[in-house]
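Asker: no sequence on this one, just coordinates:
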């Protein structure tokens, strides 16, 4: 299955990562794991796909580099890439300040510089696996990091940078996992019933996927607040090609969110159901468009 | 300034016509309609094909009476209330002092789905009372079951008779009283068979998946999606407001899907639940109201074990 291949991908990066849903917009994966070996397999697959696409590869870890080098080297292609300097194991402190609350914009700038450097060195992009659990342990860290996840998501939508963020379920609450996973376009985590992700960087469109019912309303409120979506010309457009269900309360939440930002909420869905629901509610500030 | 039998009346004057011949119907309806036009009042007809043609033929050409498209408005009670309220609000906004309407439910509404139309007939005494409306609901006694006629009398405060009379209905009940009565719909024959799906305390997502997974192609895609919305809302309400256990049962027939959602509670307390948006409408209490507009029949059932809401998508009347 393709993880990073997107029909709408601006750079046409491709990758093969087993266990991920197909037809994803681009490569920003939240992988939540219960055992290290399982995550290692996913990480190797994710990086191997980047190798095939001509990308520079980073594995960012808070731990010692040796075990990571050893597990990556079990894949011959990655062992070779490490030897050639195409792939590197990067200490967490070199990219993030462990234990600190992330500075989202600064972190995005750092990855933008690293992506530019990769391009300047002749690579087609930068692909990163990051063991991010140490960065989200406290509530303040989690809040800042989830905000950063959407900021970097926007960057990834525009530039040839992709990432798999690994989170250890054994060290995080299920709520924290849900808060992180719902701000990635792709995840294996069942804790998040929906995903809110960046869609069109040009006009800051967001995308929604999954299912939105009462069980996800509180999470949606938190995710929207952290994503800090910005309307354009009085319209806050949310693309929903993979949104399987939305109830009336979630529609109202989206409408109210847009209204607080001085905008009309425009939900674009391939299904007629949300449009019928919106017609019943007949509320100002809410438009549902059929987008086949 | 109100005119005719509604002179001096505030709000909604709701009358029933019980006719046993076309002549009787016309004897009431024609003067009612022409009187409205003469008084400069917006005057509407919302009848079925046959009676609509009959009345049209009895009116002078260019009478000024407006014929609304029949059928659709009476597809679902809650949608009828919504659409009539929009029509009435527009007429009042345009300056109408009174609006006259003659309407008639389609024959199918007098069968297996009568319970929710009985609730409609009662609820509109309240729902249309914001407007200077004088309306008449026509019932053909030759095809209307006696039990239905009893409920007509209990939901209409007055009758309109061919001799020009407007007598009070002696059995009329205020909607807040009538709508609190237990009025179960007849069991669907499918309910006598083992359900295809039975879930205890499902999440709304599991309930939606069960509905999606159960349909072998009986329903058009949009109807199935609407049923999924309805089931999701009802399961959400049962989990939130009802008492455990919440049980979902689902049957699939040749032309319909029947779903029941039960819990150990008493069901909604609002007598207008489903027919009017509950609460302030903008922030909650809309689930049952949406459900009433997403299915072809919704019925409420209460017994010693608790409350059951039954939803039917597709053909709501197995006898039709």
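Answerer: Sure thing, it's come through. The structure presented is a predicted model; accordingly, all values stated were derived computationally and were not measured.

Asker: spatially speaking, which residue is in the middle of the chain?
Answerer: Let's take chain A. Centroid-nearest residue in chain A: residue A:184, 2.7 Å away (criterion: Cα atoms, centre = their mean).

Asker: not what I meant, chain B
Answerer: Chain B, centroid-nearest residue using Cα atoms, centre = their mean: residue B:77 at 2.6 Å.

Asker: Give the buried residues for the host helix or strand of residue A:279.
Answerer: Residue A:279 belongs to helix A:273-281 when elements are defined using DSSP states H and E. Buried residues in helix A:273-281, counted by 16 or more other Cβ atoms under 10 Å in any protein chain shown: A:273-278, A:280-281. (Each C-beta comes from the backbone N, C-alpha and C, glycine too.)

Asker: among these, which are in reach of chain B?
Answerer: Contacts with chain B within those, as defined by Cβ under 8 Å from any Cβ of the partner chain: A:273, A:276-277, A:280-281.

Asker: Enumerate every residue touching residue B:87.
Answerer: By Cβ atoms under 8 Å, 6 or more residues apart in numbering or on different chains, residue B:87 lies in contact with B:44, B:99.

Asker: Helix, strand, or coil at it?
Answerer: Of the three states, residue B:87 takes helix under DSSP: H, G, I helix; E, B strand; the rest coil.

Asker: What pLDDT is listed against it?
Answerer: pLDDT, residue B:87: 96.

Asker: Would you mind measuring from the residue nearest to the centre of chain B to chain A?
Answerer: 14 Å (Cβ to the nearest Cβ, to the nearest Å).

Asker: Ok, residue B:275 next?
Answerer: 14 Å.

Asker: What is the burial count for that residue?
Answerer: 27 (other Cβ atoms under 10 Å in any protein chain shown).

Asker: cool, residue B:122 as well?
Answerer: 28.

Asker: Can you give me every residue that contacts it?
Answerer: Contacts of residue B:122 by Cβ under 8 Å, 6+ apart are B:154-155, B:173, B:175, B:178-179.

Asker: In which helix or strand does it reside?
Answerer: Counting by DSSP H and E, residue B:122 is part of helix B:114-127.

Asker: contacts for stretch A:75-83?
Answerer: Here stretch A:75-83 has contacts from A:44, A:47-48, A:51, A:57, A:69, A:72-73, A:87-89, using Cβ under 8 Å, 6+ apart.

Asker: Just the buried subset of those, written out for ChimeraX, thanks.
Answerer: Typed into ChimeraX, the line below selects the buried ones among these, using 16+ other Cβ under 10 Å:
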select /A:44,47,48,51,57,69,72,73,87,89
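
Asker: buried set for stretch B:200-212?
Answerer: B:202-205, B:207-211.

Asker: just stretch A:28-39 next, same as before
Answerer: Buried, per 16+ other Cβ under 10 Å, within stretch A:28-39: A:28-33, A:39.

Asker: Turn the contacts of stretch A:75-83 into TSV, including distance to residue B:196, secondary structure and pLDDT.
Answerer: Conversion of the contacts of stretch A:75-83 to TSV gives the following (distance: Cβ to Cβ, whole Å; DSSP: H, G, I helix; E, B strand; the rest coil; pLDDT from 0 to 100):
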residue	distance to residue B:196	secondary structure	pLDDT
A:44	44	helix	97
A:47	47	helix	97
A:48	45	helix	96
A:51	49	helix	94
A:57	51	strand	98
A:69	55	helix	98
A:72	50	helix	98
A:73	53	coil	98
A:87	53	strand	98
A:88	56	strand	97
A:89	54	strand	97
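
Asker: between the contacts of stretch A:75-83, which is nearest chain B?
Answerer: Checking the contacts of stretch A:75-83 against chain B by Cβ to the nearest Cβ gives residue A:44 as the nearest, at 32.5 Å.

Asker: Name the nearest residue to that closest one, sequence neighbours excluded.
Answerer: Using Cβ to Cβ, 6 or more residues apart in numbering or on different chains and skipping residues adjacent in sequence, the residue nearest residue A:44 is residue A:75, 4.7 Å away.

Asker: again with residue A:132
Answerer: Leaving aside its chain neighbours, residue A:132 sits nearest to residue A:165 (4.8 Å; criterion: Cβ to Cβ, 6+ apart).

Asker: Spit out the contact partners of that neighbour.
Answerer: Residue A:165 touches A:28-31, A:130, A:132, A:149, A:180, A:184, counting by Cβ under 8 Å, 6+ apart.

Asker: Redo those as TSV? Include secondary structure and pLDDT.
Answerer: Below are the contacts of residue A:165 laid out as TSV (DSSP: H, G, I helix; E, B strand; the rest coil; pLDDT from 0 to 100):
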residue	secondary structure	pLDDT
A:28	strand	95
A:29	strand	96
A:30	strand	98
A:31	strand	98
A:130	strand	96
A:132	coil	95
A:149	helix	97
A:180	helix	98
A:184	coil	97
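
Asker: The residue in the stretch 51-200 of chain B positioned nearest to chain A sits in which helix or strand?
Answerer: Nearest to chain A, among the residues of the stretch 51-200 of chain B, is residue B:82, at 8.0 Å (Cβ to the nearest Cβ). Here residue B:82 sits within helix B:77-93, counting by DSSP H and E.

Asker: where along the stretch 151-292 of chain A do the strands fall?
Answerer: A:161-168, A:186-187, A:194-200, A:205-212, A:235-246, A:264-269, A:286-290 (DSSP state E, counting those that start in this stretch).
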